[in-house]
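Colleague: mind folding the following:
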Amino acid sequence: MGKKNKNESQMDNNFYLSGSDSSEVSDEQKFKRFDIICSQAIEEDFTKAFSDYKIRCYTEAPEVRGTGYSTPKLGTDVWPQLNVLFTLFCQKEDAKKVKHILKTIRKQYPNEGIACYMSKAKEL
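Modeller: Residues are numbered from 1 along each chain as shown. Predicted structure coming up:
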């Protein structure tokens, strides 16, 4: 298989495709990774906001158990609720949108534990 040209190495939304030479990654193609953990009770608020802000690429793990700084979400008789985990990889402009979504939903639900971790990411 030959080396991919620049157009073949990008999707229409500028996400870098797997299998390409990582040395071709420009500054614009570097990603921010967001891991958002929240109660299943507000899952739809996030998915609606992602849709409204045209955040198209994310992964959702719908039944996540854990404890943090709010009520435990363990899916048991004692602690029946569960969390959801969203993982997103996006570029600078979409990262701003994700931060805005997070800030808005945290204001809307101040007593819900909404954890978010952001880091730099680069696909290899």
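
Colleague: any stretches of the protein with poor pLDDT?
Modeller: Applying pLDDT under 70 to the chain flags the ranges 1-29.

Colleague: which parts of it are strands?
Modeller: 31-39, 58-64, 83-90, 115-121 (DSSP state E).

Colleague: what residues does the last one touch?
Modeller: The one in question is strand 115-121. 30-38, 68, 89, 95, 102 (C-beta atoms under 8 Å, 6 or more residues apart in numbering). C-beta here means a position set from N, CA and C on the backbone, and glycine is covered the same way.

Colleague: once you drop chain neighbours, what's closest to D94?
Modeller: I55 (5.9 Å; C-beta to C-beta, 6 or more residues apart in numbering).

Colleague: sorry, that was for G75
Modeller: L82 (4.8 Å).

Colleague: do Y58 as well
Modeller: According to C-beta to C-beta, 6+ apart, the nearest residue to Y58 is L88 (4.4 Å).

Colleague: again with V64
Modeller: Distances taken as C-beta to C-beta, 6+ apart place N83 nearest to V64, at 4.2 Å, with adjacent residues excluded.

Colleague: next one: the closest residue to V98 other than its chain neighbours from D77, what distance?
Modeller: Among residues not flanking V98 along the chain, F34 sits closest, at 5.4 Å (C-beta to C-beta, 6+ apart). Taking C-beta to C-beta, to the nearest Å as the measure, F34 falls 32 Å from D77.
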